[in-house]
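Student: Turn this into a structure:
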Amino acid sequence: MSRRDRPVRRPRPAAPVPGPAPRRITGRAAAVLAAGALLAVAAAAPAAADGIRDRQWGLLTLRAEEAWGTTRGDGITVAVLDTGVDDSHPDLAGQVLAGTDLIGAGAGRGDRAWARHGTAMAGIIAGHGHGPQRGQGVLGVAPQARILPVRVILEEGDPGRAKARESKGGALAEGIRWAADHGADVINMSLGDDSDSAHHEAGEDEAVQYALAKGVVVVASAGNGGGSGDRVSYPAAYPGVIAVTAVDRRGRKAPFSTRNWYATVSAPGVDVVIADPDRSYYEGWGTSAAAAFVSGAVALIRAAHPDLSPAQVKKLLEDTAANSPEGGRDDARGHGTVDTAAALQAAESLRPEPPVPAPAPAGQPYFGPGPEPVRPPERGARLGPPEAAVGGAALLALAAVLARRPRRGPRGGDGAAFEHSRVG
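Tutor: Predicted coordinates for the structure are as follows:
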């Protein structure tokens, strides 16, 4: 994401993040910045079908075609929390479900500043191409998965963007919960806030935990702050989220990709071909695209193994990642680049676990039974023989003294009570 492109929340002005210059596929050169997060693109005239497919190097990197021998994502719903999705795009027609618009303002269908970023991400995840034998256009990682669009941000060029930032600050948290409650198996958030004022927000964190507890896998862009301080980006840094960094064709960390402690895995994020509502195709860069690639891979895993928990899916991606850094992990690429085919193969040996571990009684007390309780001694056993003898002698002497005292008449009741109540 450009740091100007972040989820709708309280205003946090920031300068754009520098990155590699976007390349056009063919035709005119009108550079634009796609809003939402972490993707920069250049406008391009439609390219030949074989030109589009030849440029989709990300599918080869993720070994998607090998994975398609097992599944293409049928039956899985991926919620795209973004700027909206063009359900009439020929590469997505029939795959986009009825979603929701949590902004309720800004550009509408047909406007240039509508659904560009979200449509691009949906194409990476579940594009099925078009034309004869679907041989034209963009092919996604999970071409049979369904897309659930949830509009939580506006495009960079949308005139209502500034106002929405002030009035719709809770849209992202609301969108996460809405997606979890409306059938999402995976939530893709190709967005984030890595400005100098970014911080943990309880409502967003709680929404993420809510989704995870319902068995929904949550994926987010790690951030495009690689050239501006590598600041923490949210929602990528929330616990349980699969945070994705970007790599180039050689598997190297992209210069713009944020390096930080929460990085989980990496995926293609440079020279990525994407679809646009204007029916042109773009070639862009950003961790937005990387997150979308991983959400597509997760859709394939969930289709083949629907009962795996979000934690199991996350660990599966980590354990089977290719091109792993020395030591198994680093802050630049996480555990390495996602290998979808390897993950599917390894999943065969996993036993599904519930999203939230169920408490189980322990076989024995964890700290042992503890000391025996101390019982008070019996009355007769409180004194030993010498002490008992002395006490007995004292009682006998007291009895003798009392026996010699003159006896008085009856007091008419309890003497103590009587004496304390006398007034004369």
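
Student: pLDDT weak spots in this structure?
Tutor: 1-50, 365-366, 379-424 (pLDDT under 70).

Student: now the strands: where do they sit in it?
Tutor: Secondary structure of the chain (DSSP state E): strands located at 31-34, 39-42, 77-82, 100-101, 128-130, 136-139, 146-151, 186-189, 217-221, 242-247, 265-268, 272-275, 281-285.

Student: Given the shortest one, what are its sheet partners and their directions?
Tutor: Right, the one you point to is strand 100-101. strand 146-151 (parallel) (DSSP bridges).

Student: Report the distance from the strand it pairs with to the chain centre.
Tutor: Distance of strand 146-151 from the chain centroid (Cα atoms, centre = their mean, to the nearest Å) equals 17 Å.

Student: Can you lay out the strands of the chain as TSV showing mean neighbour count and distance to D158?
Tutor: Backbone N, C-alpha and C define where each C-beta goes, glycine included. TSV is the format used below for the strands of the chain (neighbours: other Cβ atoms under 10 Å; distance: least, Cβ to Cβ, whole Å):
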stretch	mean neighbour count	distance to D158
strand 31-34	21	11
strand 39-42	27	15
strand 77-82	30	13
strand 100-101	16	13
strand 128-130	20	27
strand 136-139	24	23
strand 146-151	26	11
strand 186-189	33	19
strand 217-221	32	20
strand 242-247	31	25
strand 265-268	30	27
strand 272-275	28	19
strand 281-285	26	18
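
Student: Make CSV out of those and add distance to A360.
Tutor: Formatted as CSV, the strands of the chain follow (distance: least, Cβ to Cβ, whole Å):
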stretch, distance to A360
strand 31-34, 48
strand 39-42, 45
strand 77-82, 32
strand 100-101, 39
strand 128-130, 44
strand 136-139, 45
strand 146-151, 35
strand 186-189, 29
strand 217-221, 25
strand 242-247, 27
strand 265-268, 31
strand 272-275, 45
strand 281-285, 47
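
Student: So for D230, which of those sits nearest?
Tutor: Nearest to D230 among those is strand 242-247 (10.7 Å), distances taken as Cβ to Cβ.

Student: Just want the angle from that closest one to strand 217-221.
Tutor: 40 degrees (axes from the mean of the first three to the mean of the last three Cα atoms, to 10 degrees).

Student: relative to strand 281-285, how tilted is strand 242-247?
Tutor: Going by the same axes, to 10 degrees, strand 242-247 makes 100 degrees with strand 281-285.

Student: Select, out of the strands of the chain, the one closest to A362.
Tutor: Taking the strands of the chain one by one with Cβ to Cβ, strand 217-221 is closest: 30.6 Å.

Student: Who does the closest one pair with, and is each partner parallel or antiparallel?
Tutor: Assessed with DSSP bridges, strand 217-221 is paired to strand 186-189 (parallel), strand 242-247 (parallel).

Student: How far off centre is that strand?
Tutor: Worked out by Cα atoms, centre = their mean, strand 217-221 lies 5 Å from the chain centre.

Student: which ones are touching N188?
Tutor: Taking Cβ atoms under 8 Å, 6 or more residues apart in numbering as the criterion, N188 is in contact with 78-82, 121, 125, 219-220, 291-292, 295.

Student: Same question for G123.
Tutor: Here G123 is in contact with 89, 91-92, 138, 140, 274-275 (criterion: Cβ under 8 Å, 6+ apart).

Student: Which residues does the closest residue to it other than its chain neighbours form beta bridges with?
Tutor: Nearest non-adjacent residue to G123, counting by Cβ to Cβ, 6 or more residues apart in numbering: A275, 3.9 Å away. With DSSP bridges applied, A275 shows beta-bridge pairing to Y281.

Student: Now do the contacts for A275.
Tutor: 89, 91-92, 119-120, 123, 127, 137-138, 281-282.

Student: what about 7 Å?
Tutor: Shown in contact with A275 (Cβ atoms under 7 Å, 6 or more residues apart in numbering): 89, 91, 119-120, 123, 127, 137-138, 281.

Student: likewise N260?
Tutor: Applying Cβ under 7 Å, 6+ apart, the residues near N260 are 222, 230, 232, 331.

Student: Is the first one in contact with T245, as I believe?
Tutor: Translated: A222. Yes: in this structure, A222 is within contact of T245 by Cβ atoms under 7 Å, at 4.5 Å.

Student: For those two, list the residues in contact with both.
Tutor: Joint contacts of A222 and T245 (Cβ under 7 Å, 6+ apart) are 257-258, 263, 287.
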